[in-house]
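In: Predicted model and sequence follow; I will ask about them next.
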Amino acid sequence: GQNIDQPTEMTATEGAIVQINCTYQTSGFNGLFWYQQHAGEAPTFLSYNVLDGLEEKGRFSSFLSRSKGYSYLLLKELQMKDSASYLCAVSQAGTALIFGKGTTLSVSS
Amino acid sequence: DTAVSQTPKYLVTQMGNDKSIKCEQNLGHDTMYWYKQDSKKFLKIMFSYNNKELIINETVPNRFSPKSPDKAHLNLHINSLELGDSAVYFCASSQEFQRGRETQYFGPGTRLLVL
């Protein structure tokens, strides 16, 4: 079976750094995605990791450790507009994405 | 230019009715999906089509029937609507399926409320 865990809620202040963790247990692992979803909107792609290590993309970075079944999304220089849900999703060969329940991030001034 | 579009955006209907949601993508992708997002924001796959063929059919009641007239369209028909069907339904597409690494692009969602 598959199991994906991430914290339900996190809070942070503008300008800070926040790390959203995701742990997973799956078979046939084919990569891990992070999506951002603002309230009332569609999920939008943030990052994809299939190899161990850190992928940096502007203020956002994503890390993967396949041996530990662990990933994190790092958001730097937080802005109010970063308040959203962050969805961790695992890709398995031959199936669709399996999403975690999402982490709702609230950024305050 | 909307990449993945869905209609309607909002749908309010009575229990027992039959309704359809339409989805179109202009990205030239081969694979399309339907997801259901419940009130707790949990996004769960329902169906996937690759080049008009059904490739994923999760444990969804057979009141839900997807139809793909061509690879740019994937519609969802729901018979005998129930209160528990109230949710946001997202359509998505990706370049291809077998590799499993393709980014999925989501439509804006259809907010279904069954009264």
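Out: Alright, I've got the coordinates. Residues are numbered from 1 along each chain as shown, chains lettered A, B, ... in the order given.
In: Packing partners of the worst-scoring helix or strand of chain B on mean pLDDT?
Out: The helix or strand of chain B with the poorest confidence is strand B:53-57; it has a mean of 85 (mean pLDDT, DSSP states H and E). Using 3 or more Cβ pairs under 8 Å, 6 or more residues apart in numbering or on different chains; DSSP states H and E as the contact criterion, the secondary-structure elements in contact with strand B:53-57 are strand B:43-50, strand B:64-70. C-betas here are computed from N, CA, C, even on glycine.
In: so which of the ones you listed comes closest to A:Ala42?
Out: The closest of those to A:Ala42 is strand B:43-50. By Cβ to Cβ, the value is 10.3 Å.
In: List the buried residues for the closest one?
Out: Using 16 or more other Cβ atoms under 10 Å in any protein chain shown as the burial criterion, the residues of strand B:43-50 that qualify are B:43, B:45-50.
In: show me which of those neighbour chain A.
Out: Filtering the buried residues of strand B:43-50 for neighbours of chain A using Cβ under 8 Å from any Cβ of the partner chain leaves B:43, B:45, B:48.
In: Tell me the pLDDT of the first one.
Out: In this case it means B:Leu43. Reading off the confidence values, B:Leu43 has pLDDT 92.
In: I'd say it and A:Ile4 touch.
Out: No: the pair B:Leu43 and A:Ile4 does not pass the contact test of Cβ atoms under 8 Å, sitting 11.1 Å apart.
In: In chain B, what residue spans correspond to strands?
Out: Counting by DSSP state E, residue ranges of the strands within chain B are B:4-7, B:10-13, B:19-25, B:31-37, B:43-50, B:53-57, B:64-70, B:73-78, B:87-94, B:105-106, B:110-114.
In: And the ones you listed, which one averages the lowest pLDDT?
Out: Comparing mean pLDDT across the strands of chain B, the lowest value falls on strand B:53-57: a mean of 85.
In: Sheet partners, orientation included, of that strand?
Out: According to DSSP bridges, strand B:53-57 has the following sheet partners: strand B:43-50 (antiparallel).
In: Name the residues that touch the least confident helix or strand of chain B?
Out: Contacts with strand B:53-57, where a contact means Cβ atoms under 8 Å, 6 or more residues apart in numbering or on different chains, come from A:95-96, B:31, B:33, B:45, B:47-49, B:66, B:68, B:97.
In: Model confidence for A:Glu41, exactly?
Out: For A:Glu41, the model assigns a pLDDT of 94.
In: How about the residues of chain A by chain B?
Out: Contact residues of chain A with respect to chain B, defined by Cβ under 8 Å from any Cβ, are listed as A:30-31, A:33, A:37, A:41-45, A:48, A:50, A:85, A:87, A:91-99, A:101-102, A:104.
In: Filter those down to the buried ones.
Out: When neighbours are counted using 16+ other Cβ under 10 Å, the residues of chain A next to chain B contain these buried positions: A:30-31, A:33, A:37, A:42-43, A:48, A:85, A:87, A:91-92, A:95-99, A:101-102, A:104.
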